[in-house]
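> attaching a predicted model along with its sequence, questions to come.
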Amino acid sequence: MKKRNARIIINKSGGSSSENSYTYRVTLPNSWVNEMGLRKDNRELELLFDGQVIKIRPRQSLTDYVNSHRTDELYEIRFYKDDMLCTTIIANYTEKDIKIDNESVDIIYLAFGNNLTPDWNDYLDFLRERCIPQQRDGIKEYLSAIGVAEYDPFQIIQKTNGIMAEDHHRLEVKRL
């Protein structure tokens, strides 16, 4: 592993930001950026933070993510509005991780709205939102009718395609 000491550049934010708002930047060595395969036409990054360490890596495509996690329990969930694909989700049930690609530019049609970096808990909330509420009267009879033994949002959306009466969205689920 290569190591280099750096100093963070701190600038006061302008415009309509608060008076205590700052922007933080770090300069990366050219050789490292080139080694990562980043170019002017390919600048997408993922930043990972565990509370102490920040990791920077090139943003993986969904295909690359799937190929690098072939031994994991992966599902592809496609979120549609009518026949328009809005979001593709790769759910990794082994690592409790998700990757998404938003196909629509309109945030009201996206699975996670304006949250462009959802985590596993956001995914679980999304599944619950696409199901009948767990507290609904007659839930046991409903689950029995669709062939689900207990309240499990993932099993429910596999049976119902996440179709809700109040909107035009649906899900397609496929095991990878």
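Cool, the structure landed.

> what is the lowest-mean-pLDDT helix or strand in the chain packed up against?
One helix or strand of the chain scores below all others by mean pLDDT, DSSP states H and E: strand 45-49, with a mean of 84. Counting contacts by 3 or more C-beta pairs under 8 Å, 6 or more residues apart in numbering; DSSP states H and E, strand 45-49 packs against strand 54-58. Using the backbone N, CA and C atoms, a C-beta is placed for each residue, glycine as well.

> list the buried residues of the helix or strand just after the strand it packs on.
Past strand 54-58, further along toward the C-terminus, the next helix or strand under DSSP states H and E is helix 62-68. For helix 62-68, a neighbour-count test (16 or more other C-beta atoms under 10 Å) marks 65, 66 as buried.

> how about the CA coordinates for helix 62-68, as PDB?
Extracted C-alpha coordinates of helix 62-68, given in PDB (Å, rounded to 0.1, in the frame of the first residue of the first chain):
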ATOM      1  CA  LEU A  62     -23.700  -2.700 -11.600                       C
ATOM      2  CA  THR A  63     -22.200  -5.300 -13.900                       C
ATOM      3  CA  ASP A  64     -18.800  -5.000 -12.300                       C
ATOM      4  CA  TYR A  65     -20.300  -5.200  -8.800                       C
ATOM      5  CA  VAL A  66     -22.300  -8.400  -9.800                       C
ATOM      6  CA  ASN A  67     -19.200 -10.000 -11.300                       C
ATOM      7  CA  SER A  68     -17.000  -9.300  -8.300                       C
END
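
> so what strands line up beside the following helix or strand past that helix?
Using DSSP H and E, the helix or strand that follows helix 62-68 towards the C-terminus is strand 74-81. Strand partners for strand 74-81, identified by DSSP bridges, are recorded as strand 84-92 (antiparallel), strand 169-175 (antiparallel).
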